[in-house]
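In: return a 3D structure for these sequence lines:
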Amino acid sequence: MDLKKVKKVHLIGIGGIGISALARLFFNNSKIVTGSDVSESKVTKGLVRLGVEVFIGHRVQNLTQEVDLVVYTPAVNENNPEIVEAKKLGIPTLSYPQALGLISMDYSLIAVSGTHGKTTTTAMSAKVLMEANFDPSVVIGSLLKETQTNYIAGKSEYLIIEACEYKRSFLNFKPHILIITNIDLDHLDYYKDLADIQSAFIELVSQMSSDDYLICDIQHKNLEPIVNLAKCQMIDFKTFSKDGLNLKIPGEHNLENAQCVLALAEILKIDRQQVIKSLNNFEGTWRRSEYRGKTLTGLKIYDDYAHNPTEVNVTLKGFRDFFPKDKITVIFQPHLYSRTKTFLREFAQSFDSADRIIILPIYAAREIFDSSINSEMLVEEIKKYKQEVFFAKDFTSVVTEIKKNTDTGIIITMGAGDVYQVGEILLGE
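Out: You can find the predicted model right below:
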């Protein structure tokens with residue numbers, strides 16, 4: 001469809017970090033924008049301040065016949081009352097990745113994919129290109145520190161996006177430059193196994209021509225089938241020197257993210273020293289190793305989105321490298337019953353770099369209750385490896401446990417749900 005002819009857009013799940021960026025993009029292009037979500041949040045409040053009408057709760061009354069297009073998050077199902085009503089009224093509907101795919105066709109697309117590190121690498125890329133006066137547009141799954149938004153309206157040919165593999169969403173994109181940070185087991189509520197995940201990346205790369213570029217770790221075993229079948233030009237980010245990199249965010253994984261950006265900069269012929277300067281000044285994004293503040297007793301509060309075992313492990317290791325002598329307490333909120341059950345043993349072994357672990361109940365998100373798995377089971381598994389492990393039934397219980405020990409140290413709230421609110425409580429926000 002021709003998005004230029006659309007005058008009024010309604011977005012279902014508008015509080016989602018990706019789809020809210022689309023709301024800003026549509027609003028910036030002088031369209032009337034409305035949306036709905038199940039609850040109010042920092043993101044929805046920001047949209048309301050912008051001038052977007054946001055309804056709390058999904059209801060048929062939120063739609064009118066004046067709406068030209070409905071865009072919905074993949075997190076909602078076909079039985080959503082607003083999707084049903086849109087089809088009844090004959091209003092075209094697109095998923096978030098379908099809509100972003102249509103928009104991206106007007107740009108030279110730089111897409112960042114991979115199981116881990118997409119958001120940080122996208123944000124690093126955006127900072128480098130903006131400071132090199134490339135004036136890119138950016139759609140990212142977090143909030144950029146410099147702008148406190150997930151969308152930047154650039155005026156050049158370049159669009160930088162975060163391309164998620166969940167439900168093969170990224171197949172809606174045809175990138176000119178594709179970064180694959182890594183490939184690992186995840187989203188096993190959708191994918192059958194690693195080979196199934198790899199097949200999605202193979203299909204994505206197969207859409208690229210000999211004039212396009214793939215940036216990845218060419219030697220990584222999980223990327224072997226993708227690399228073997230690629231027809232585009234390939235650049236190995238691991239060959240780029242880390243000399244001069246002195247990042248403000250912790251972890252070897254973030255140095256690899258920076259190497260990806262160094263590779264991107266070489267394609268675009270941006271001076272390396274300028275790139276190094278931008279990367280060393282990069283302060284991260286919302287919910288990625290984000291420093292939130294210090295409590296009155298001296299506890300430093302950080303927040304991170306890590307939600308699978310690999311991410312938990314490397315993120316905590318990065319914090320340990322940054323704070324070798326501090327006591328590190330992680331407050332972890334498991335995300336999804338299926339993920340917790342599938343990776344129970346791997347999760348239990350991923351907290352090695354933490355001194356104290358507090359586990360909250362599982363954040364169900366899009367899943368229905370599953371009685372065969374719970375956080376108490378995870379606590380028992382972790383106790384096989386770590387001694388100081390506790391289950392907390394709610395945020396109040398976590399705060400009570402933290403306040404028992406007022407020593408200075410590091411507190412990290414971790415998970416893809418709403419665990420960040422614990423940090424806000426501790427800081428008195």
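
In: only the C-alpha atoms, please, for the helix ranked longest in the chain, written as PDB.
Out: Ranked by residue count and defined by DSSP state H, the top helix of the chain is helix 252-267. The C-alpha trace of helix 252-267 is given here as PDB (Å, rounded to 0.1, in the frame of the first residue of the first chain):
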ATOM      1  CA  GLU A 252      33.700  -7.900  26.200                       C
ATOM      2  CA  HIS A 253      30.400  -8.300  24.300                       C
ATOM      3  CA  ASN A 254      30.100  -4.500  24.000                       C
ATOM      4  CA  LEU A 255      33.700  -4.400  22.500                       C
ATOM      5  CA  GLU A 256      32.400  -6.800  19.900                       C
ATOM      6  CA  ASN A 257      29.400  -4.600  19.200                       C
ATOM      7  CA  ALA A 258      31.900  -1.700  18.700                       C
ATOM      8  CA  GLN A 259      33.900  -3.800  16.300                       C
ATOM      9  CA  CYS A 260      30.700  -4.300  14.200                       C
ATOM     10  CA  VAL A 261      30.400  -0.500  14.000                       C
ATOM     11  CA  LEU A 262      34.000  -0.100  13.100                       C
ATOM     12  CA  ALA A 263      33.300  -2.400  10.100                       C
ATOM     13  CA  LEU A 264      30.200  -0.400   9.200                       C
ATOM     14  CA  ALA A 265      32.200   2.800   9.300                       C
ATOM     15  CA  GLU A 266      34.800   1.400   6.900                       C
ATOM     16  CA  ILE A 267      32.100   0.600   4.400                       C
END
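
In: for the helix or strand hosting L178, which helices and strands make contact with it?
Out: L178 belongs to strand 177-180 when assigned by DSSP states H and E. Helices and strands touching strand 177-180, as assessed by 3 or more CB pairs under 8 Å, 6 or more residues apart in numbering; DSSP states H and E, comprise strand 108-113, helix 194-206, strand 213-216, helix 252-267. The way it works is simple: take the backbone N, C-alpha and C, and place the C-beta from them, glycine included.

In: can you redo those as a markdown table with mean pLDDT, distance to N62 and mean neighbour count?
Out: Formatted as a markdown table, these follow (pLDDT from 0 to 100; distance: least, CB to CB, whole Å; neighbours: other CB atoms under 10 Å):
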| stretch | mean pLDDT | distance to N62 | mean neighbour count |
| --- | --- | --- | --- |
| strand 108-113 | 97 | 32 | 24 |
| helix 194-206 | 95 | 33 | 18 |
| strand 213-216 | 98 | 41 | 24 |
| helix 252-267 | 96 | 39 | 22 |
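
In: dump those to CSV, plus distance to V398.
Out: CSV is the format used below for the helices and strands packed on strand 177-180 (distance: least, CB to CB, whole Å):
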stretch, distance to V398
strand 108-113, 33
helix 194-206, 34
strand 213-216, 39
helix 252-267, 26
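
In: ends of stretch 379-396, what's the gap?
Out: End-to-end span of stretch 379-396 (CA to CA, to the nearest Å): 18 Å.

In: right, I mislabeled it, should have said stretch 339-356
Out: Using CA to CA, first and last residues of stretch 339-356 are 22 Å apart.

In: and stretch 198-217, by the same measure?
Out: End-to-end distance (CA to CA), stretch 198-217: 14 Å.

In: with stretch 30-45 instead?
Out: Taking CA to CA, the first and last residues of stretch 30-45 lie 20 Å apart.

In: would you mark the buried spots in stretch 280-295?
Out: Judged by neighbour count (16 or more other CB atoms under 10 Å), stretch 280-295 contains these buried residues: 282, 284-290, 292, 295.

In: I'd like the distance from it to the chain centre, please.
Out: Its chain's C-alpha centre and that of stretch 280-295 lie 15 Å apart, by CA atoms, centre = their mean, to the nearest Å.

In: quick one: average pLDDT of that stretch?
Out: Across stretch 280-295, pLDDT averages out at 86.

In: kindly report the same for stretch 417-426.
Out: Mean predicted confidence for stretch 417-426 is 92.

In: and it, how far out from the chain middle?
Out: Centroid displacement of stretch 417-426 relative to its chain, using CA atoms, centre = their mean, is 18 Å.

In: same deal with stretch 338-349?
Out: Distance of stretch 338-349 from its chain centroid, counting by CA atoms, centre = their mean, is 20 Å.

In: check stretch 372-388 too.
Out: Taking mean C-alpha positions (CA atoms, centre = their mean), stretch 372-388 and its chain are 26 Å apart.

In: and that stretch, end to end?
Out: Using CA to CA, the end-to-end distance of stretch 372-388 comes out at 25 Å.

In: stretch 170-177 too?
Out: 13 Å.

In: low-confidence stretches in this structure?
Out: Low-confidence segments of the chain (pLDDT under 70): 406-407, 429.

In: hmm, back to that, quick check: next helix or strand after the longest helix of the chain?
Out: helix 272-280.

In: and that next one, what does it pack against?
Out: If contacts are counted by 3+ CB pairs under 8 Å, 6+ apart, helix 272-280 sits against helix 118-131, helix 252-267.

In: direction included, what does the next helix or strand after that helix pair against?
Out: Per DSSP H and E, the first helix or strand lying C-terminal to helix 272-280 is strand 290-294. Next to strand 290-294 in the sheet, as set by DSSP bridges, lie strand 299-304 (antiparallel).
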